[in-house]
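Asks: Got a predicted model here, sequence first, then my questions.
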Amino acid sequence: MTVTPATSEPPSAASVPPQTETPKQQVQSAVLQPYAGNDITTIVLDPGSYNTRIGFAGTDHPVDISSSLYAFDASTPENLLFEDQRINYPKPGREVRSLLKNGLIQDFDIFAHKVKFLMKNKLGIEKTTKTIQASSDENDEDQMETELEGYNNLPMILTEPIWNPKENRVKSIEMVLENLNFEAMYLLPQQSSVSFAMGKPNCLVVELGHDSCSVSPVFDGFTLSSKHRRSYLNGKLLTELLTSKIKEKAKKLESVNDTIDLLCNFEVKAKNTAQPKINKIEGLTQSFRDNYNERFFIQECKELLLQSRTNLTAPIPNSATNPPARSIESPWGENIVFTEEERFDLVDQLFSPDLANPVIKQWNDDHKEVYPPCHNDYMPLKRNTNNSTTGEEKNENEPEVENPELENKLSDNLKGLVDLIQHCIETVDVDFRPVLTNNIIVTGGLSYIPGLITAIQLELTKRLPSFKIKIVTQGNSAMTKERMYHTWLGGSILGSLGSFQQLYVGREELAEVGVDRLLKARFR
């Protein structure tokens with residue numbers, strides 16, 4: 001399938017000088033002038049810990065949203081599977097692995113195979129062969145010509161988290177330009193991409209994702225990496241809490257060696273009996289079972305059962321007006337009932353985690369990674385402010401006033417969501433705080449939990465009474481779930497701008513200046 005680039009209105013024939021025929025898509029990395037307007041079709045790739053999104057710049061929805069997983073059989077580990085239907089097919093010995101952890105790509109060779117699969121099977125783009133000169137000296141008549149196979153004449157925008165370490169950024173550039181052989185590329189911070197998707201160059205981006213919850217101030221479209229804050233209170237933790245709660249409530253599941261495994265729906269032959277008839281498939285790996293239940297039954301439980309209290313400090317009323325408990329039917333035919341208090345308590349762990357809970361305690365012990373800022377931090381212009389009492393100029397090197405009570409709450413990686421937002425706001429210069437509090441963008445799959453955004457706004461209003469708190473959301477429809485691909489949407493908008501296309505880095509420029517200089521000068 002040939003990708004036809006979007007072109008602007010053609011000029012009149014009289015105004016076009018005669019010229020030799022050139023390809024419609026031509027990307028020259030060393031010279032910036034040829035990057036003109038809409039003459040380039042850009043691929044936008046947004047890898048996430050739960051899903052990976054890919055599509056064309058200038059469109060309002062990604063072409064494909066697939067799981068960030070791959071599978072292989074124990075008998076043939078070299079054959080990697082990326083199609084969701086094949087990953088979720090129950091086969092003995094099939095292992096399922098994640099491509100990303102904490103938003104970071106784990107194996108770039110396997111991820112490159114994932115990109116090739118998406119380009120061929122989802123976008124319908126095959127690799128092409130291009131003849132290039134082996135020497136850059138145009139006066140050398142004896143230079144050799146070589147054929148380069150890759151995605152020629154196609155640039156790519158690859159999104160990355162703001163905590164992406166330098167070694168991963170180097171591998172990302174080498175994967176796109178040298179392994180996959182795209183014509184040009186750009187590394188786009190995910191938080192900056194969200195700000196452009198919402199049309200807010202100055203904002204506070206709160207991402208509630210599967211592997212991490214992060215808060216990042218953005219000024220003039222650049223993310224302040226040194227002010228960024230993140231926590232491991234995320235969607236994966238809610239999955240663990242729900243799974244543990246279901247195992248406690250399930251009466252029909254058998255315990256084997258003091259452990260209970262959730263049954264998959266394809267293993268249940270009949271469930272309308274006192275004890276379900278089970279046809280358990282021997283040889284299914286634990287990684288397959290965990291992934292299958294997480295993607296289907298546990299995901300359904302999260303959408304149906306999770307709800308947040310709008311007032312986090314008020315107790316749950318025990319009255320007839322309190323909404324009734326909810327139940328969900330398990331794959332093995334058992335109705336599992338969750339009271340209102342239990343449903344609220346699950347989401348409360350995002351705001352104030354209870355270390356007495358064994359699941360929370362184990363989660364805290366397993367997540368001690370710290371990712372220091374590795375981007376060149378953008379410094380917004382500060383207006384001159386004088387001391388109101390002495391008339392002396394404010395010392396820019398003077399440290400910010402710390403909140404000791406808040407610092408005690410942020411002593412570990414399990415920071416409450418509102419504490420995280422408050423701490424991020426207080427670390428920013430006082431002149432910029434009103435802009436942030438008036439433009440808080442909440443995005444990610446967890447933002448669809450009923451009552452969560454209202455709870456964040458009310459709690460921030462109590463803690464920061466001198467600021468106007470305004471949370472900006474978009475894509476409230478449960479059908480489109482636009483907040484789950486805000487990052488990709490921002491890359492699609494930027495990739496369609498001719499002025500942004502001049503920032504692309506090509507293969508020739510990489511060979512000329514090296515990857516280290518590119519990271520310092522071109523990718524903030």
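Replies: Sure, I can see it.
Asks: Assess the claim that Lys247 and Leu263 are in contact.
Replies: No: at 11.3 Å, Lys247 does not count as touching Leu263 under the criterion of Cβ atoms under 8 Å. (C-beta placed from N, C-alpha, C; glycine too.)
Asks: Of the two, which one has the most company?
Replies: Leu263 (24 against 14; other Cβ atoms under 10 Å).
Asks: and the next element down the chain from whatever helix or strand Gln85 lives in?
Replies: Using DSSP states H and E, Gln85 sits in helix 84-87. Beyond helix 84-87 on the C-terminal side, the first helix or strand identified by DSSP H and E is strand 94-98.
Asks: So if we follow the domain assignment, how does the protein break up?
Replies: Using automatic domain parsing, the domains assigned to the chain come out as 25-194+485-521, 199-233+404-473, 236-348.
Asks: Could you dump those into TSV with distance to Lys361 and mean pLDDT added?
Replies: Listed next are the domains of the chain as TSV, based on distance: least, Cβ to Cβ, whole Å; pLDDT from 0 to 100:
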stretch	distance to Lys361	mean pLDDT
domain 25-194+485-521	20	86
domain 199-233+404-473	10	88
domain 236-348	12	84
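Asks: Among those domains, single out whichever gets nearest to Asn364.
Replies: With Cβ to Cβ as the criterion, Asn364 lies closest to domain 199-233+404-473 of the domains of the chain, at 5.3 Å.
Asks: Centre of the chain to the closest one, how far?
Replies: Put simply, domain 199-233+404-473 sits 16 Å off its chain's centre (Cα atoms, centre = their mean, to the nearest Å).
Asks: With stretch 163-181 instead?
Replies: 17 Å.
Asks: What are the boundaries of the strands in the stretch 151-300 of the chain?
Replies: Along the stretch 151-300 of the chain, counting by DSSP state E, counting those that start in this stretch, strands occupy 155-160, 184-189, 203-208, 213-219, 222-223, 229-231, 268-270, 277-278.
Asks: How about the stretch 301-450 of the chain?
Replies: With DSSP E, counting those that start in this stretch applied, the stretch 301-450 of the chain shows strands at 326-329, 335-338, 440-443, listed in chain order.
Asks: Most tightly packed of those?
Replies: Comparing the strands of the stretch 301-450 of the chain by mean neighbour count (mean count of other Cβ atoms under 10 Å), strand 440-443 ranks first with a mean of 24.
Asks: elements contacting that strand?
Replies: helix 190-197, strand 203-208, helix 452-463, strand 471-472 (3 or more Cβ pairs under 8 Å, 6 or more residues apart in numbering; DSSP states H and E).
Asks: which residues sit against the last one?
Replies: Just to be clear, that refers to strand 471-472. Contact partners of strand 471-472, identified using Cβ atoms under 8 Å, 6 or more residues apart in numbering, comprise Met198, Lys200, Cys203, Asn439, Ile440, Ile441, Val442, Ile453, Ile456, Gln457.
Asks: hang on, Lys302 packs against Leu238?
Replies: Yes: Lys302 is within contact range of Leu238, at 6.3 Å (criterion: Cβ under 8 Å).
Asks: quick one on the thing from earlier: including mean neighbour count and distance to Pro62, could the helices and strands packed on strand 440-443 go into a markdown table?
Replies: As requested, the helices and strands packed on strand 440-443 are arranged in a markdown table below (neighbours: other Cβ atoms under 10 Å; distance: least, Cβ to Cβ, whole Å):
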| stretch | mean neighbour count | distance to Pro62 |
| --- | --- | --- |
| helix 190-197 | 26 | 12 |
| strand 203-208 | 27 | 17 |
| helix 452-463 | 18 | 24 |
| strand 471-472 | 16 | 22 |
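Asks: Tell me which of the ones you listed lies nearest to Pro90.
Replies: strand 203-208 (31.5 Å).
Asks: Quick one: list the elements packing against that closest one.
Replies: Strand 203-208 is packed against helix 190-197, strand 213-219, helix 417-427, helix 433-437, strand 440-443, with contacts defined by 3+ Cβ pairs under 8 Å, 6+ apart.
Asks: ok, now with 7 Å
Replies: Helices and strands touching strand 203-208, by 3 or more Cβ pairs under 7 Å, 6 or more residues apart in numbering; DSSP states H and E, are helix 190-197, strand 213-219, strand 440-443.
Asks: count of neighbours near Pro92?
Replies: Neighbours around Pro92, by other Cβ under 10 Å: 13.
Asks: What number of residues are in the vicinity of the residue lying closest to it once chain neighbours are set aside?
Replies: Leaving aside its sequence neighbours, Pro92 sits nearest to Gly283 (Cβ to Cβ, 6 or more residues apart in numbering; 2.8 Å). Counted with other Cβ under 10 Å, the neighbours of Gly283 add up to 11.
Asks: Tabulate the helices and strands packed on strand 440-443 (JSON lines), appending distance to Tyr70.
Replies: Shown next, in JSON lines, are the helices and strands packed on strand 440-443 (distance: least, Cβ to Cβ, whole Å):
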{"stretch": "helix 190-197", "distance to Tyr70": "22"}
{"stretch": "strand 203-208", "distance to Tyr70": "24"}
{"stretch": "helix 452-463", "distance to Tyr70": "31"}
{"stretch": "strand 471-472", "distance to Tyr70": "36"}
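Asks: Among these, which comes closest to Leu494?
Replies: Nearest of these to Leu494, taken as Cβ to Cβ: helix 190-197 at 5.8 Å.
Asks: contacts for that closest one?
Replies: 159-162, 201, 203, 205, 216, 218, 221-223, 441, 443, 486-487, 489-491, 493-494 (Cβ atoms under 7 Å, 6 or more residues apart in numbering).
Asks: just to revisit the earlier point, just tell me which of the helices and strands packed on strand 203-208 ends up closest to Lys127.
Replies: Set against Lys127 and scored by Cβ to Cβ, the helices and strands packed on strand 203-208 come closest in helix 190-197, at 26.9 Å.
Asks: List phi and psi for Arg483.
Replies: phi -70, psi -20 (degrees, to the nearest 10).
Asks: Could you check how far it is from Thr473?
Replies: 7 Å (Cβ to Cβ, to the nearest Å).
Asks: More neighbours: the two, which one.
Replies: Using other Cβ under 10 Å, the more surrounded residue of Arg483 and Thr473 is Arg483, with 25 against 14.
Asks: Check the more buried one and give its pLDDT.
Replies: Predicted confidence (pLDDT) at Arg483: the value is 88.
Asks: quick one: contacts for Thr42?
Replies: Thr42 makes contact with Ala57, Pro155, Met156, Ile157, Gly495, according to Cβ under 7 Å, 6+ apart.
Asks: How about Glu459: what's its closest non-neighbour residue?
Replies: Take Glu459 and drop its neighbours on the chain: the residue closest to it by Cβ to Cβ, 6+ apart is Val418, 4.6 Å away.
Asks: ah, wrong one, I meant Val218
Replies: That would be Ser195: by Cβ to Cβ, 6+ apart, it lies 4.5 Å from Val218.
Asks: who's in contact with the residue lying closest to Leu414 once chain neighbours are set aside?
Replies: Nearest non-adjacent residue to Leu414, counting by Cβ to Cβ, 6+ apart: Pro353, 4.7 Å away. Contacts for Pro353 (Cβ under 7 Å, 6+ apart) come out as Leu233, Ile360, Leu414, Gly416.
Asks: rerun at 10 Å
Replies: 231-233, 237, 359-361, 363-364, 412, 414-416 (Cβ atoms under 10 Å, 6 or more residues apart in numbering).
Asks: I figured Ile328 hits Glu300, correct?
Replies: Yes: Ile328 lies in contact with Glu300 (Cβ atoms under 10 Å); the separation is 7.1 Å.
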